[in-house]
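Engineer: Can you look at this prediction? I've put the sequence above it.
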Amino acid sequence: MDHLLYIAMSGAKENMNGIAVRANNLANTGTVGFKADFEQARAMQAFGEGLPTRVFSLTEQPGQNFDAGAIIMTERELDVAIQGEGWLAVQAPDGNEAYTRAGNLQINAFGMLETTNGLAVMGDDGPIQLPVPLAKVEIAQDGTVSVLPQGAPADAMVAAGRIKLVRPLNSEIEKGNDGLFRRKDGQLAEADINVSLLKGAIETSNVNAVGEMTYMISLQRQFELQVKMMKSAEEMDQQQNQLLRITG
């Protein structure tokens with residue numbers, strides 16, 4: 001009976017992992033630039049002392065859904081959406097460079113251009129800092145940030161930096177626990193002049209809420225089936241013990 005119990009137990013664990021992934025996707029339906037995660041598990045032979053007679057479910061990392069989300073026009077001067085493939089370079093909390101599609105930017109009190117969750121936007125020479133106070137800010141298609149200092153003439157717009165835009169292959173990057181993407185080899189992606197921005201717009205999450213709910217229902221039913229299998233294994237074990245007592 002331990003064969004059945006072991007398989008059902010490991011399968012139920014992976015069903016719970018899958019439900020957690022899908023629940024996280026649903027929770028980020030409204031997160032700008034969010035990329036949905038996939039979950040996957042496969043049967044794996046368990047090796048140890050004796051013969052390999054056990055099989056368990058092994059968690060895999062199939063990656064993310066890299067499809068682009070819908071573009072919403074906001075007309076806000078600090079909102080940008082990447083057209084086609086590409087990423088914005090930001091400074092992660094650990095100080096290293098990471099990549100995101102969240103283009104709803106802001107300027108903090110010190111003039112740092114950053115994402116709404118406080119990550120500094122990277123430029124050609126590090127984080128972009130703007131001279132404050134500002135009367136106007138414009139972000140061009142190539143990522144160039146032009147500013148009009150407060151009190152300056154209307155025609156005195158000056159370039160204060162350029163957002164680093166990159167386009168690594170999807171197979172070269174992976175998402176961390178913080179939701180940011182990084183190259184798998186730990187190297188920095190090169191700036192790509194072919195990546196362009198659409199100003200006054202943001203890219204929404206690519207999560208399909210209906211699809212995620214359907215997956216969650218399917219995973220919950222699979223989990224219930226695994227629990228029933230464990231209950232059946234328990235009942236068969238009890239019946240086997242009864243037979244042993246009778247024959248003994």
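Structural biologist: Ah, there it is. Numbers count the residues shown, from 1 in each chain.
Engineer: Tell me the spacing between the nearest residue to residue 163 once chain neighbours are set aside and residue 31.
Structural biologist: For residue 163, the nearest residue in space outside its immediate sequence neighbours is residue 143; the separation is 3.6 Å by C-beta to C-beta, 6 or more residues apart in numbering. Where you see a C-beta, it was placed from the backbone N, CA and C, and this is true even at glycine. Look at residue 143 and residue 31: by C-beta to C-beta, to the nearest Å, they are 22 Å apart.
Engineer: where are the low-confidence patches of this structure?
Structural biologist: Per-residue confidence for the chain (pLDDT under 70) gives these ranges: 1-2, 50-54, 56, 58, 60-61, 247-248.
Engineer: Mind doing that once more with 80?
Structural biologist: Counting by pLDDT under 80, the chain contains low-confidence ranges at 1-7, 40-62, 234, 237-248.
Engineer: and residue 105, what element?
Structural biologist: When elements are assigned from DSSP states H and E, residue 105 belongs to strand 105-107.
Engineer: what comes into contact with the helix or strand just after that strand?
Structural biologist: Scanning forward in sequence from strand 105-107 by DSSP H and E, the next helix or strand is strand 113-115. Contacts of strand 113-115 with the rest of the structure, by C-beta atoms under 8 Å, 6 or more residues apart in numbering, involve 90, 100, 102, 104-108, 120-121, 127-130, 145, 161, 163.
Engineer: Pull out the buried positions in strand 113-115.
Structural biologist: 113-115 (16 or more other C-beta atoms under 10 Å).
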